[in-house]
Structures are given as structure tokens and as C-alpha cells.
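Participant: Sequence below, structure please.
(one chain, ligands or ions: 1)
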Amino acid sequence: MNIRIGPISKKLTPHLSACMRCNTTWRFVKSHATPFNEHEGAFPLCQKCWEELTPEQRLPYYWLLLLEWYRESGTELSEAERGALRAAVLQGL
Ligand SMILES: [Zn+2]
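Facilitator: Residues are numbered from 1 along each chain as shown. Here you go, the predicted model:
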């Protein structure tokens, strides 16, 4: 399934996180992951939203996701990982 149904998806699947642009949870849309180290990636956007944006337009969604990670679990990327993520996003990964 890959349909951007938006905020209603959060009511249907409240335990899942969602695309930060169209607010559709990962049950309904496919996420686009961007690596920030060898094993881990960040996925603030669904594949369709990701495709509609330029790399520069995508970047703020990645920083929003990192903020959410920090707020929810205290998880923080290292400076090297943030640099790697920024470079990967701007390279179109
Ligand atoms: Zn989306």
C-alpha cells in the first residue's frame, strides 16, 4: 500500500510513527531511509513526499526528526553522524 491518507492514519494506527510532511503512518506509505552511519538511517519522509522535494527542501524534515528522537528518547546523533546525514541528504540519498 502506498496511499497518503494523512492524519486519519494516526487514529487508525496510533502506535506507528508517520511521514513528517503528509502525516501518514508507515502502515500506509513506504518510508525513504537515508543513512547516517553504516547501520542506521533516518526516515522523516515517505517515498512520495521525498520524491516531490529537492534535497535542500528535504533537509528540515531530517532535523525535525532528530529533534523528535531527542524529545522522545534522549537519542542524539554525534556531530560526525549529523554531518554524514546532511551530506547524504544533499547528495540525494
Ligand atoms: Zn509523506
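
Participant: all strands for this protein, in order.
Facilitator: Using DSSP state E, the strands of the chain run over 34-35, 41-42.

Participant: From the contact counts, what lies against the first one?
Facilitator: Spelled out, it's strand 34-35. strand 41-42, helix 79-90 (3 or more CB pairs under 8 Å, 6 or more residues apart in numbering; DSSP states H and E). (C-beta placed from N, C-alpha, C; glycine too.)

Participant: Sheet-wise, list the partners of the shortest one with their directions.
Facilitator: Sheet partners assigned to strand 41-42 using DSSP bridges are listed as strand 34-35 (antiparallel).

Participant: Is stretch 54-63 positioned near the ion?
Facilitator: No - Stretch 54-63 lies out of reach of the ion by CB under 5 Å from the ion, never closer than 9.3 Å.

Participant: So which bits of that stretch are buried?
Facilitator: Of all the residues in stretch 54-63, those buried under the rule 16 or more other CB atoms under 10 Å are Arg58, Leu59, Tyr61, Tyr62.

Participant: So which of those are in helices?
Facilitator: Filtering the buried residues of stretch 54-63 for membership in helices, criterion DSSP state H, returns Arg58, Leu59, Tyr61, Tyr62.

Participant: Closest one of the residues you listed to Gly41?
Facilitator: Comparing these against Gly41 with CB to CB places Tyr62 closest, at 10.4 Å.

Participant: For the ion, see how far away that closest one is.
Facilitator: Look at Tyr62 and the ion: by CB to the ion, to the nearest Å, they are 14 Å apart.

Participant: Glu81 versus Trp26, what's the distance?
Facilitator: 22 Å (CB to CB, to the nearest Å).

Participant: Please apply the same query to Leu90.
Facilitator: Look at Leu90 and Glu81: by CB to CB, they are 15 Å apart.

Participant: Please apply the same query to Thr25.
Facilitator: Thr25 is 25 Å from Glu81, by CB to CB.

Participant: Name the residue in the two with the higher neighbour count.
Facilitator: Thr25 (23 against 16; other CB atoms under 10 Å).
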